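> Sequence and predicted structure, then a few things I'm wondering about:
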Amino acid sequence: MLGNGSNYIEQPTKSHDKVTTLKNAIGQDAAKPFYIWANDDCANKCESFEEAKAIRLSLFNEGGEFVHIVDADGVEVVDSEIEAHEALAKAGYFVGTRNPEVKPEVPGAFMVNDPQDPDGFAIVGDDIASLILEARDHLLDPAPGGGDVNCVDPSTSTAEAGSSLVDGEVLGQDADGGLVQWNSTDGVSYNSGQTVEDFGASNLTEAELKRLNLSTSFEHPSGGKTGNLAARYGQHAERDGQHFTLLGAVDPKTYDSHECGPMYSIRFVDGVEIEAWPEEVASAGLAQSQVDPLCQSGHNPT
């Protein structure tokens, strides 16, 4: 369970998730309840994603390693707020409960600051999600190329090229930052009114990320990453150390995901594909999770 509760961050009642339907890492609707993994443990679970994010952040600030949220199907769930926090933490910034010595003249229960520089960046307030997103926008480098967007213009494409676009596919952004998407039924593009934060950067494909010049700002949560296999549990020992490409998360309905947590499909350079535990593909930058002993014997990745 969550530590001693001393660092627990109670979220405001209003939801900060602008995504109409919360999606997991493989693009499916995230199923409740949500489990918060930390230090090989998932004792914390809740029905609210807002509460799950609060627990996740508190566990992270208590020194938890590999802290992440999975849904009832065992698939990781990430939104723009979590992505922003991960980027800020990687850059060395603290996000969490307010230190009264930081900007004492400003009211607020939470803060984002540079703990190594007392005179450096710091913001304080009561809405932690807004603080995280504001700090990200202020501190992190803008998209390469000065923020220009590579928007596909379907009107200049051939019918054959247009037919290759998927319904709802993101083509680019308008001048106000709204996403331009494809309507395959009518064969026209439209402005959905959503921003990248509304849509969720983790829901964008690699092609869409490149069109938005976000490919170096946001890392897609599953497919496309590479690493070297760290064979565990006596499986695929002959592949230990071999280079692989991550294809995506395994369908949680095909194994005991409630007990085991997420699993991933990978492909080696010789074309062979297998399923692997998060611990085995951690070199690709994925969060690790505890593998239940029953899973080791009851499910043998192929």
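Great, that's in hand.

> and stretch 259-266, how far from the chain's centre?
Chain-centre distance of stretch 259-266: 16 Å, with CA atoms, centre = their mean, to the nearest Å.

> then it to CSV, C-alphas only?
Extracted C-alpha coordinates of stretch 259-266, given in CSV (Å, rounded to 0.1, in the frame of the first residue of the first chain):
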residue,chain,number,x,y,z
GLU,A,259,-1.6,-11.3,-11.8
CYS,A,260,1.3,-10.7,-14.2
GLY,A,261,1.0,-7.1,-15.4
PRO,A,262,1.9,-6.1,-18.9
MET,A,263,3.9,-8.2,-21.4
TYR,A,264,5.4,-7.1,-24.7
SER,A,265,5.9,-8.6,-28.2
ILE,A,266,9.4,-8.1,-29.6
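
> which residue ranges form the helices in the stretch 201-302 of the chain?
Assigned by DSSP state H, counting those that start in this stretch, the helices in the stretch 201-302 of the chain fall at 206-211, 257-260, 293-298.

> Which one of those helices has the poorest average confidence?
Note on these: lowest mean pLDDT is at helix 293-298, with a mean of 38.

> Give me the distance between the residue nearest to the spatial centre of the chain and Ala122.
With distances taken as CA atoms, centre = their mean, Val78 lies nearest the centre of the chain, 3.5 Å away. Distance of Val78 to Ala122, computed by CB to CB, to the nearest Å: 26 Å. No exception for glycine: its C-beta is placed from N, CA and C like everyone else's.

> for the stretch 1-150 of the chain, what spans make up the helices?
In the stretch 1-150 of the chain, the segments counted as helices under DSSP H, counting those that start in this stretch are 49-61, 80-90, 128-139.

> Please identify which of those is closest to Val170.
helix 80-90 (14.6 Å; CB to CB).

> Which strands and helices lie in contact with the closest one?
Counting contacts by 3 or more CB pairs under 8 Å, 6 or more residues apart in numbering; DSSP states H and E, helix 80-90 is packed against helix 49-61, strand 94-97, helix 128-139.

> Need these in TSV (columns: mean pLDDT, distance to Ala276 and mean neighbour count).
Formatted as TSV, the helices and strands packed on helix 80-90 follow (pLDDT from 0 to 100; distance: least, CB to CB, whole Å; neighbours: other CB atoms under 10 Å):
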stretch	mean pLDDT	distance to Ala276	mean neighbour count
helix 49-61	93	24	22
strand 94-97	94	31	18
helix 128-139	88	31	19
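
> can you list those in TSV and add distance to Trp182?
What follows is the helices and strands packed on helix 80-90, written out as TSV (distance: least, CB to CB, whole Å):
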stretch	distance to Trp182
helix 49-61	28
strand 94-97	36
helix 128-139	27
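
> and Ile274, which of those is closest to it?
Among the helices and strands packed on helix 80-90, the nearest to Ile274 by CB to CB is helix 49-61 (29.5 Å).

> helices or strands next to the closest one in the packing?
Using 3+ CB pairs under 8 Å, 6+ apart as the contact test, the elements touching helix 49-61 are strand 34-38, strand 41-46, strand 68-70, helix 80-90, strand 94-97.

> can you pull the pLDDT of the residue nearest to the centre of the chain?
pLDDT, Val78: 86.

> One more: the one 4 residues further on?
At Ile82, the model reports a pLDDT of 90.

> how much space between it and Tyr264?
Separation of Ile82 from Tyr264 (CB to CB): 19 Å.

> who's more crowded, these two?
Tyr264 (24 against 21; other CB atoms under 10 Å).

> That one touches Gly248, doesn't it?
Yes. If you go by CB atoms under 8 Å, Tyr264 and Gly248 touch, sitting 6.9 Å apart.

> The helices of the stretch 1-150 of the chain: which one's closest to Ser283?
Among the helices of the stretch 1-150 of the chain, helix 80-90 comes nearest to Ser283, with 16.6 Å by CB to CB.

> if we can go back for a sec, now, of the helices and strands packed on helix 49-61, which is deepest in the fold?
strand 68-70 (a mean of 27; mean count of other CB atoms under 10 Å).
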